[in-house]
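Colleague: sequence unknown, structure follows:
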Ligand SMILES: Nc1nc2c(c(=O)[nH]1)N[C@@H](CN(C=O)c1ccc(C(=O)N[C@@H](CCC(=O)O)C(=O)O)cc1)CN2
Ligand SMILES: NCC(=O)N[C@@H]1O[C@H](COP(=O)([O-])[O-])[C@@H](O)[C@H]1O
């Protein structure tokens, strides 16, 4: 049973999709902690609803990223976390956590990397006028959105789309792809 932490900064729909899929599909994993860097993020209420403990960290309380990640690492180790899933976590993972979890941190990105990296992948693709974008799941490395790609799923951009309709289609794709990739990685013993 792999002990997993999910890191999130905002709404938490991917958090919910993962927690629900682990239960519904009886995956050999347990989400033992939510790590969140915003004390008012809606994902915190979603974790509470699932009786999953949260660790809230305010980076402004720490001298630097390393100090903050050292505090996060203590919370992860206290719960024997073995792997980390980023799900809308809007901070760059630094050397402290990368060293502690080599090839054990994955991220979901709402574009077909290497296209449209960064914090605004959906909007950037929409503004670029592409006819197709998608979702990427990749291992985290020291770069930003540069880690080895695990899976991708293309999502069409329709002529009738506005940003909201595209975001809805992207999120629906994410909520299937992330649990599918998690199940596959667990089956392979790769996480
Ligand atoms: N080491 C890594 N950390 C993270 C990655 C990654 O590939 N390597 N992916 C991001 C997720 N992400 C896009 O998918 C992303 C999130 C946030 C930012 C960003 O620039 N955020 C802040 C900077 C905050 C900080 O310094 O920690 C900003 O807007 O200035 C870019 C990409 C998750 N982490
Ligand atoms: N660069 C990272 C990034 O943009 N991640 C994106 O944040 C959203 C979180 O939604 P959620 O909080 O509803 O899961 C998701 O669309 C995810 O792909």
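Modeller: The structure has been received and is ready for your questions. None of the values given here were measured: they were computed from a predicted structure. Ligands and ions are numbered 1, 2, ... in the order given.
Colleague: now the end-to-end length of stretch 106-115.
Modeller: For stretch 106-115, the separation between the terminal residues is 18 Å (C-alpha to C-alpha, to the nearest Å).
Colleague: So is that stretch next to ligand 1?
Modeller: Yes - using C-beta under 6 Å from any ligand atom, stretch 106-115 reaches ligand 1 at 107, 109. To be clear about C-beta, it is placed using only N, CA and C from the backbone, and glycine gets the same treatment.
Colleague: Off-centre distance for that stretch?
Modeller: Its chain's C-alpha centre and that of stretch 106-115 lie 10 Å apart, by C-alpha atoms, centre = their mean, to the nearest Å.
Colleague: Give the buried residues for that stretch.
Modeller: Neighbour-count burial for stretch 106-115, with 16 or more other C-beta atoms under 10 Å as criterion, is recorded at 106-113, 115.
Colleague: and the longest helix anywhere in the chain, which residues are buried?
Modeller: Of all the segments of type helix in the chain, defined by DSSP state H, the longest one is helix 163-188. Under the neighbour-count criterion of 16+ other C-beta under 10 Å, helix 163-188 has 166, 169-171, 173-175, 177-179, 181-183, 185-186 buried.
Colleague: now swap in stretch 69-79 and tell me
Modeller: For stretch 69-79, the neighbour count (16+ other C-beta under 10 Å) marks 69, 72-73, 75-76 as buried.
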